[in-house]
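predicted model, plus sequence, below.
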Amino acid sequence: MLLEESGQNIAAIVTVFKRVCKILGIEQLWQEIEAIEGTIKAGTIDELYLLIRKSVERAMYRFLSSTELIDTDTEINFYIEGIEKLSKEMDDFISAQNRQQSAENIERLKKQQVPESLAKNIIILDTLYLCLDVIGLNQQTQQPLEDCAQIFFELFDTFDLLWLRDQINQLPTTTVWESLAKSTSREEFKRVSCQLTLTVLSNQGQTPQSKMAECFNLRNEQINRYKKLLAMVKSDSAIELEKVTVLLKELDKIAE
């Protein structure tokens with residue numbers, strides 16, 4: 001799947017896999033899972049590995065679809081330090097709804113006898129891999145990491161981007177063309193979500209909140225249009241590429 005969608009060769013995919021695992025601390029999670037194998041149901045163990053795999057693949061795609069392939073130890077360490085910092089402050093950035101959803105997923109795994117710390121570290125990966133974009137924005141703009149994170153995740157909440165991300169991930173890949181279309185949508189989603197953050201950061205406000213307010217006041221009409229279209233799309237039973245494309249185009253207008 002990654003081979004087709006990313007357009008990269010096997011060597012590049014293997015290299016990025018190793019680096020992503022190092023950045024996200026995946027080897028430690030694998031070791032903790034191995035330590036409880038045989039003490040809980042095999043189906044639960046399989047689920048833990050699958051949850052990790054999904055997040056690793058998403059993080060890999062983030063690098064494989066860009067020119068930024070983290071070639072040096074210095075770059076890798078920069079991301080490791082950023083991930084460590086943001087993981088401790090994640091609850092300060094994500095919405096109450098996402099915190100509640102994560103708490104429910106952690107509790108569900110705990111009921112299956114998964115240690116609480118392991119459950120938490122695996123569930124948080126679904127949001128933590130997005131912090132790779134936050135760290136990239138921090139590096140690009142030299143704005144404080146916390147400001148980049150606050151604005152990035154508030155935009156995700158305002159425009160329901162986690163929902164849109166999940167719809168893109170559910171697009172079919174039966175044919176080569178469908179795989180390429182899904183890949184293009186993922187790339188556009190990443191570009192637009194980062195550009196939205198850059199647009200807000202470029203405003204003159206002294207705090208993330210004032211920057212957000214200034215940006216929204218200037219784009220109130222476009223934002224209202226996007227939210228109306230989003231409500232229409234959500235009211236339908238199935239997501240389609242055409243709807244995703246329209247929503248991404250509207251977000252791009254807001255980001256201008």
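Right, received. Where do you want to start?

may I ask which helix or strand of this protein has the lowest mean pLDDT?
Using mean pLDDT, DSSP states H and E, helix 2-6 stands out as the lowest-scoring helix or strand of the chain, at a mean of 59.

what's the very next helix or strand once past that helix packed up against?
Counting by DSSP states H and E, the next helix or strand C-terminal to helix 2-6 is helix 10-24. Helices and strands touching helix 10-24, as assessed by 3 or more CB pairs under 8 Å, 6 or more residues apart in numbering; DSSP states H and E, comprise helix 2-6, helix 42-64, helix 73-88. In this view, the C-beta of every residue, glycine as well, is placed from N, C-alpha and C.

kindly export the second one (C-alpha atoms) in CSV.
The C-alpha trace of helix 42-64 is given here as CSV (Å, rounded to 0.1, in the frame of the first residue of the first chain):
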residue,chain,number,x,y,z
ALA,A,42,-4.5,-13.1,21.7
GLY,A,43,-7.1,-10.9,20.0
THR,A,44,-6.3,-8.0,22.3
ILE,A,45,-2.6,-8.4,21.5
ASP,A,46,-3.4,-8.3,17.8
GLU,A,47,-5.4,-5.2,18.3
LEU,A,48,-2.5,-3.4,20.1
TYR,A,49,-0.1,-4.3,17.2
LEU,A,50,-2.7,-3.1,14.7
LEU,A,51,-3.2,0.2,16.5
ILE,A,52,0.5,0.8,16.5
ARG,A,53,0.8,-0.2,12.8
LYS,A,54,-1.9,2.3,11.7
SER,A,55,-0.2,5.2,13.4
VAL,A,56,3.3,4.2,12.2
GLU,A,57,2.0,4.0,8.6
ARG,A,58,0.4,7.4,8.9
ALA,A,59,3.6,8.9,10.2
MET,A,60,5.6,7.2,7.5
TYR,A,61,3.3,8.6,4.9
ARG,A,62,3.9,12.1,6.3
PHE,A,63,7.6,11.8,5.5
LEU,A,64,7.3,9.7,2.3
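
against residue 44, how distant is residue 237?
31 Å (CB to CB, to the nearest Å).

which one's more surrounded, these two?
Legend: neighbour count by other CB atoms under 10 Å for residue 237 and residue 44, higher for residue 44 (16 against 4).

so that one makes contact with residue 110?
No - using CB atoms under 8 Å, residue 44 makes no contact with residue 110, being 10.8 Å away.

quick one, which of the helices and strands packed on helix 10-24 is nearest to residue 28?
Among the helices and strands packed on helix 10-24, the nearest to residue 28 by CB to CB is helix 42-64 (10.9 Å).

what pLDDT, on average, does the closest one get?
Here helix 42-64 scores 92 as its mean pLDDT.

pull out the buried residues from it.
44-45, 47-48, 51-52, 55-64 (16 or more other CB atoms under 10 Å).

rewinding a little: make TSV out of the helices and strands packed on helix 10-24 and add distance to residue 211.
Shown next, in TSV, are the helices and strands packed on helix 10-24 (distance: least, CB to CB, whole Å):
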stretch	distance to residue 211
helix 2-6	33
helix 42-64	24
helix 73-88	19
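
contacts only, for residue 93.
By CB atoms under 8 Å, 6 or more residues apart in numbering, the residues touching residue 93 are 86, 149, 150, 152, 153, 154.

could you look up the SS state of the closest residue to it other than its chain neighbours?
Taking CB to CB, 6 or more residues apart in numbering, and ignoring the residues beside it in sequence, residue 93 has residue 153 as its nearest neighbour in space, at 4.3 Å. Following DSSP: H, G, I helix; E, B strand; the rest coil, we place residue 153 in the helix state.

I'd say residue 153 and residue 97 touch.
No - Residue 153 lies out of contact with residue 97 (CB under 8 Å); the separation is 11.8 Å.
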